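>>> Predicted structure and sequence below. I'll ask about it afterward.
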Amino acid sequence: MRLPIESLGFGAVMAGRSLSGDNTAGHEVQSPIGDVPEDRHPGAVTPQPSTGTYSGIWLSRYEFFSSGRDRTFTSSHYVVLLQHGDRLTVRSLPNSAASTLELDLTIDGHVTTGTWSEVTAPNGYYKGARYFGAIQLLSELTATRLAGKWVGFGKNFDVNVGPWELILQDRSTSKATIEEYDRPPELE
């Protein structure tokens, strides 16, 4: 027996309509940082064994649209990535940005899936707000770049999507290497 969704406490959403109050379906940022070029991926549809270890210091970079400022921004952090079997734990270095970033991922061949969370800068535009969502990244054959998309909610009750990439900087996670990268990234 099927119950109407309204009987479960959800409002009906008509086809072609948005849940957000501003009649938008959220924002999707298109950018090459989320792409893996064809010559740099395995090409098979089924998962394949990963060719390497992912532990190290990485540059994390993602783009998002700010509806309040009506423009797209890029957020960058140096992060330490630790691999334990098929689990990847990613944490931002404390001095690499005013916000803190966490990713908890599972890797299956060249496909990485998981969650992300960011606590924004306390004195910044978003005033220390916590945002979170899902992420899926594809590993290039060299295992030195992961690229894909994030999805997460916006402050206007909408769902947003954008590109995300992680670029390997150093395979070492030694104290000296972490100290070397514990600073804001210099981007071109």
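Yep, it's here. Residues are numbered from 1 along each chain as shown.
>>> what's the closest non-adjacent residue to Pro94?
Using Cβ to Cβ, 6 or more residues apart in numbering and skipping the chain neighbours, the partner closest in space to Pro94 is Asp182 (6.6 Å). C-beta: built from backbone N, CA, C; applies to glycine.
>>> and the gap between the one you found and Ala176?
Distance of Asp182 to Ala176, computed by Cβ to Cβ, to the nearest Å: 11 Å.
>>> Could you check how many residues crowd around Leu81?
Leu81: 21 surrounding residues under other Cβ atoms under 10 Å.
>>> May I ask you to confirm that it belongs to a helix?
No. Using DSSP: H, G, I helix; E, B strand; the rest coil, the assignment for Leu81 is strand, not a helix.
>>> who's in contact with it?
Applying Cβ atoms under 8 Å, 6 or more residues apart in numbering to Leu81 gives the contacts Tyr54, Ser55, Gly56, Ile57, Trp58, Leu88, Thr89, Val90, Leu166.
>>> Can you name the residues that contact Lys149?
Applying Cβ under 8 Å, 6+ apart to Lys149 gives the contacts Gly34, Ile135, Gln136, Val161, Gly162, Pro163, Trp164.
>>> returning to that earlier point: which one of Asp182 and Ala176 is surrounded by more residues?
Asp182 (15 against 7).
>>> Test my guess that that one contacts Ser96.
Yes. Between Asp182 and Ser96 there is a contact under Cβ atoms under 8 Å: 6.4 Å.
>>> Please enumerate the shared neighbours of the two.
Tyr78.
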